[in-house]
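S.K.: Return a 3D structure for these sequence lines:
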Amino acid sequence: MSVVRYGTEATVESIPRQRRARRPRVRPSTAAQRAARAAANGGEPTLEPVERTPYDDYVHASTLHRLQQPLSRDPGEMSFLMVSQIMELYFGLTCFELREARQRLRADDLWAALAPLHRAALHLEGLNAAWRGLRWMTPADFNRFRNLLGEGSGFQSAMYRHLEFLLGLKTAALVRPFHGQPEVHAGLVEALRAPSLWDEVTALLARRGFALPEAVLHRDLSAEADPSPEVTAAWVEIYADSGPDNHLRQLGETLVEIAEQFDDWRHQHLRAVRRTMGAKVGTGGSAGAAWLRRSMAREVFPELWAARTEM
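M.R.: Below is the predicted model:
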């Protein structure tokens, strides 16, 4: 088991002993124990009092439901706050899966990488569904509490930046807002300098015999990569083989699904901003909808899309 925190990975053994001691213990049980308990309960749930429910020990639901601290008395703010928190959890979960896939690709285990990539696409689908919880919000609704947010903005989400960096959308300047949070800033700098998921995919193609230039394989990883005609040509060749054992083709299609779901999220973000504040400037100092349109022009996995033109 590993604990992932803002792009860094640490084993359970590296967690300070006092923190491990405070963690509630979830007692494991076997199939035989569960069957015996069900028989003793006559098929009904266990109702005898316990100090803490095992569910809460595992999920920490009571903690999660104490994390909402609205700044106003407007009831609509709770939707805005909780949907934002749900999206943060989905950002983190998607990053977890992409890191796992990146590690599998680095180990040349393509088949094992497909499962976390598929899960990542499904998590992004769930992330997109979260926008539905804010479709009720009009400018009048948002304006009732917007001023209380000060300069707080989704632009300042560190976990979203991790997601962008993992997908290959790297901009060094976007790490600067986190200088006041040293641990968060350090994790983002590490993620900025690390190979993206797409970098590992490209390295895998080179190991599988595709002729890719040194400029593609050995570049400044902290910068966004320029699209490569050679990488595009490799994907055209991969897609020419439609056999069931072509795992590289399956990899390409799963990555396309991830890219499409991520683009859907960006598009829905833009729509939500236009619905709630039109063309006003953003809370975090950006040009609002205009800035989001410009950021959407940056493609995820561009050679996969370019290859479709060449097929």
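
S.K.: Below-threshold pLDDT in this structure: ranges please.
M.R.: Across the chain, residues meeting the criterion (pLDDT under 70) sit at 1-24, 49-50, 281-288, 291.

S.K.: Now do the helices in the stretch 101-250 of the chain.
M.R.: In the stretch 101-250 of the chain, helices defined by DSSP state H, counting those that start in this stretch lie at 110-129, 139-143, 158-166, 182-193, 197-207, 214-217, 229-240, 247-277, listed in chain order.

S.K.: and Ala32, which of these is closest to it?
M.R.: Between Ala32 and those, the shortest gap by C-beta to C-beta is with helix 110-129, which sits at 29.8 Å. C-beta: built from backbone N, CA, C; applies to glycine.

S.K.: Could you check the closest one and say which residues are buried?
M.R.: Of the residues in helix 110-129, those with enough neighbours to count as buried (16 or more other C-beta atoms under 10 Å) are 110, 113-114, 116-121, 123-124, 127-128.

S.K.: what's the helix or strand where Gly92 lies packed up against?
M.R.: When elements are assigned from DSSP states H and E, Gly92 belongs to helix 76-106. The criterion is 3 or more C-beta pairs under 8 Å, 6 or more residues apart in numbering; DSSP states H and E, and the helices and strands that helix 76-106 contacts are strand 2-5, helix 110-129, helix 158-166, helix 197-207.

S.K.: Any chance of TSV for the ones you listed, columns distance to Ser222?
M.R.: Conversion of the helices and strands packed on helix 76-106 to TSV gives the following (distance: least, C-beta to C-beta, whole Å):
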stretch	distance to Ser222
strand 2-5	20
helix 110-129	23
helix 158-166	9
helix 197-207	11
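
S.K.: To Ala233, which of those lies closest?
M.R.: When the helices and strands packed on helix 76-106 are compared for distance to Ala233 using C-beta to C-beta, the nearest one is helix 197-207, at 10.4 Å.

S.K.: contacts for that closest one?
M.R.: 98, 101-102, 105-106, 108, 110, 166-168, 195, 212, 216-217, 221, 225, 228, 231, 234, 248, 251, 255, 300-301 (C-beta atoms under 8 Å, 6 or more residues apart in numbering).

S.K.: for the helix holding Gly92, the distance to its chain's centre please.
M.R.: In terms of C-alpha atoms, centre = their mean, to the nearest Å, the gap separating the centre of helix 76-106 from the centre of its chain is 4 Å.

S.K.: Same check on stretch 179-191?
M.R.: Its chain's C-alpha centre and that of stretch 179-191 lie 17 Å apart, by C-alpha atoms, centre = their mean.

S.K.: So which bits of that stretch are buried?
M.R.: Residues Val184, His185, Gly187, Leu188, Ala191 are the ones in stretch 179-191 that count as buried (16+ other C-beta under 10 Å).

S.K.: Phe96: neighbour count?
M.R.: Summarising burial for Phe96: neighbours were counted as other C-beta atoms under 10 Å, giving 18.

S.K.: and what of Pro177?
M.R.: Around Pro177 there are 19 other residues, counting by other C-beta under 10 Å.

S.K.: Contact partners for it?
M.R.: With contacts defined as C-beta under 8 Å, 6+ apart, Pro177 is in contact with Phe155, Gln156.

S.K.: same thing but at 7 Å, please
M.R.: Listed by C-beta atoms under 7 Å, 6 or more residues apart in numbering, the contact partners of Pro177 are Gln156.

S.K.: what separates it from Leu188, distance-wise?
M.R.: Distance of Pro177 to Leu188, given as C-beta to C-beta, to the nearest Å: 10 Å.

S.K.: ok, now Gly154?
M.R.: Here the criterion is C-beta to C-beta. By it, Gly154 lies 16 Å from Leu188.

S.K.: I figured Asp264 was touching Ala129, is that so?
M.R.: No. In this structure Asp264 lies outside contact range of Ala129 using C-beta atoms under 7 Å: 10.2 Å.

S.K.: leaving aside the residues next to it on the chain, what's closest to Met137?
M.R.: Counting by C-beta to C-beta, 6 or more residues apart in numbering, Met137 lies nearest to Thr276, which is 5.1 Å off, once chain neighbours are set aside.

S.K.: sorry, that was for Val231
M.R.: When the adjacent residues along the chain are set aside, Val231 lies closest to Glu303, with 4.3 Å between them (C-beta to C-beta, 6+ apart).

S.K.: OK, contacts around that neighbour?
M.R.: Applying C-beta under 7 Å, 6+ apart, one finds that Glu303 lies in contact with Pro227, Ser228, Val231, Thr232, Trp235.

S.K.: number of nearby residues for the second one?
M.R.: Neighbour count for Ser228, taken as other C-beta under 10 Å: 19.
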